[in-house]
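In: everything below, folded, please.
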Amino acid sequence: MAGRRFIQLDCMTLLLLLAETVGHIGENNPEKYLLLGRIGYYLIYILDPVDYLFFMIYINCWINKSYKKAQRDAFLWIYRAFVILNFVGVTIDQIFGLKWFYYFDGLEYKRGALFLVRGALLLFFCVLISVYTIIYRKGIFRGYRFAIFSLPTIATLGACLQIFVVNMTTTYAAISIGLLILFIYLQSKNLDVDYLTGALNRRGLDIRLEEAVKEASAGGKTFSAIMLDLDRFKTINDTYGHSEGDEALKAVAEVLMKAFHENSFIGRFGGDEFCVISYIGDKKQLNEKIELVDDELDLYNYKSGKPYNIELSMGYMIYDNESRMSAKDFQMAIDELMYEQKKKHHLNDRRR
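Out: Down below sits the predicted model:
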């Protein structure tokens, strides 16, 4: 979904760049190409709010679907309303020659009486995207926050220059630069990300665990890790199909991302196993987090309406800085704890 939305955003930005180029050709050669100038500027004025709407839709792809959904939908409807009102206003302005936003005085392009008002609104909605990203940052996987936030920030800078400095055409160039930075960043990140759940993959987890162990062994802050296994996953696949199994895996990732916001790395270790690396060094706090995961799972099972419940077996441990345990040994230790709980769950299943 995020890939498709990124392409849509790219295409809209390229269309605006093309319209801007056509508009400038007409503006600079009005004797021959005045019609091109009119077409180019009309497209720019009706479509640039659409680019901001596509920004919002794309950012939403990176936010946990269940994270304050009603509030996020309200934001989207505000942007949709702005797109519609802008289209109606610009079209009426050009049909009736009201000179609200822009007009051609003979062969010369000029800004209208409401140009700066509209520009300020555009800037407001551009800044609002940055604010939106900050508000819902906890719903975005931590490794992607900086890249997602950089896109509207660069776009806002470009919009400021274009609106308030005459003859500066920087808005779409800034957006293009932001998209390029985002693409390069995400491409490098995707090497460490599980395509199905959006969590880290095994490679990403191994790197983070090695880094955490080295830091702790060198006298830095300690950490803890949790191994989790989805109980009866094979039954879900066999009974309801592999697509339903995929949904169960994504649900587990969403629950973990909701429970562990800051100072944590969440990943899919492989198959139906997940791992959380968190800089929690207090046993009581770690137990509270485990209880929170259980509570979030219960809430998900209650709301999902699925014919099955998602249950997890968990093993967890705080890393002992004095032990000098390797990353592999530490991982095996919590893996063993997780399998002990899984055996108890299987025993309870047989008893039932």
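In: can you give me the buried ones in the lengthiest helix in the chain?
Out: Using DSSP state H, we find that the single longest helix of the chain is helix 30-60. Residues of helix 30-60 classed as buried by neighbour count (16 or more other CB atoms under 10 Å): 30, 33-34, 36-38, 40-60. The way it works is simple: take the backbone N, C-alpha and C, and place the C-beta from them, glycine included.
In: the one helix or strand in the chain whose mean pLDDT sits lowest: how far from the chain's middle?
Out: Of all helical and strand segments in the chain, the minimum by mean pLDDT, DSSP states H and E falls on helix 171-189, at a mean of 72. Centre-to-centre, helix 171-189 and its host chain are 14 Å apart (CA atoms, centre = their mean, to the nearest Å).
In: so how far is the host helix or strand of Ile148 off the chain centroid?
Out: Using DSSP states H and E, the element containing Ile148 is helix 145-164. Helix 145-164 sits 16 Å away from the centroid of its parent chain (CA atoms, centre = their mean).
In: got phi/psi on the spatially most central residue of the chain?
Out: Closest to where the C-alpha atoms of the chain average out (CA atoms, centre = their mean) is Trp62, at 2.1 Å. Per-residue torsions, Trp62: phi -100, psi 0 (degrees, to the nearest 10).
In: which one is it nearest to, not counting chain neighbours?
Out: Ile140 (5.1 Å; CB to CB, 6 or more residues apart in numbering).
In: which sections of the stretch 251-352 of the chain are below the confidence cut-off?
Out: 262, 346-352 (pLDDT under 70).
In: can you get me a residue count around Lys221?
Out: Lys221 has 12 neighbours, counted by other CB atoms under 10 Å.
In: ok but it is inside a strand, no?
Out: No: counting by DSSP: H, G, I helix; E, B strand; the rest coil, Lys221 is not found in a strand; it is coil.
In: now do the contacts for it.
Out: Listed by CB atoms under 8 Å, 6 or more residues apart in numbering, the contact set of Lys221 reads 215, 279, 281.
In: out of these, which are buried?
Out: Neighbour-count burial (16+ other CB under 10 Å) is assigned, among those, to 215, 279.
In: for the nearest residue to Tyr42 once chain neighbours are set aside, phi and psi?
Out: Closest residue in space to Tyr42, ignoring its immediate chain neighbours: Gln94 at 6.2 Å, by CB to CB, 6+ apart. Torsion angles at Gln94 (phi, psi; degrees, to the nearest 10) stand at phi -80, psi -40.
In: do Ala218 as well
Out: phi -90, psi 10.
In: before we move on, what about Val83?
Out: phi -60, psi -50.
In: quick check: closest non-adjacent residue to it.
Out: Per CB to CB, 6+ apart, closest to Val83 is Pro49, 4.8 Å.
In: in this structure that neighbour contacts Cys126, no?
Out: No: if you go by CB atoms under 8 Å, Pro49 and Cys126 don't touch, sitting 9.8 Å apart.
In: hmm, back to that, correct me if wrong: the residue nearest to Tyr42 contacts Ile39.
Out: No: assessed by CB under 8 Å, Gln94 is found out of contact with Ile39, at 10.8 Å.
In: which other helices and strands contact the least confident helix or strand of the chain?
Out: Where contact means 3 or more CB pairs under 8 Å, 6 or more residues apart in numbering; DSSP states H and E, helix 171-189 is packed against helix 2-28, helix 145-164.
In: deepest of those, which one?
Out: helix 145-164 (a mean of 19; mean count of other CB atoms under 10 Å).
In: angle of that helix against helix 171-189?
Out: Relative orientation of helix 145-164 and helix 171-189, computed by axes from the mean of the first three to the mean of the last three CA atoms, to 10 degrees: 170 degrees.
In: what packs against helix 145-164?
Out: helix 30-60, helix 115-135, helix 171-189.
In: can I get those helices in CSV with distance to Lys328?
Out: Output for the helices and strands packed on helix 145-164, formatted as CSV (distance: least, CB to CB, whole Å):
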stretch, distance to Lys328
helix 30-60, 38
helix 115-135, 37
helix 171-189, 24
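In: which of the ones you listed has the lowest average pLDDT?
Out: Note on these: lowest mean pLDDT is at helix 171-189, with a mean of 72.
In: how far out from the middle of the chain is stretch 255-264?
Out: That offset, for stretch 255-264, works out to 15 Å (CA atoms, centre = their mean).
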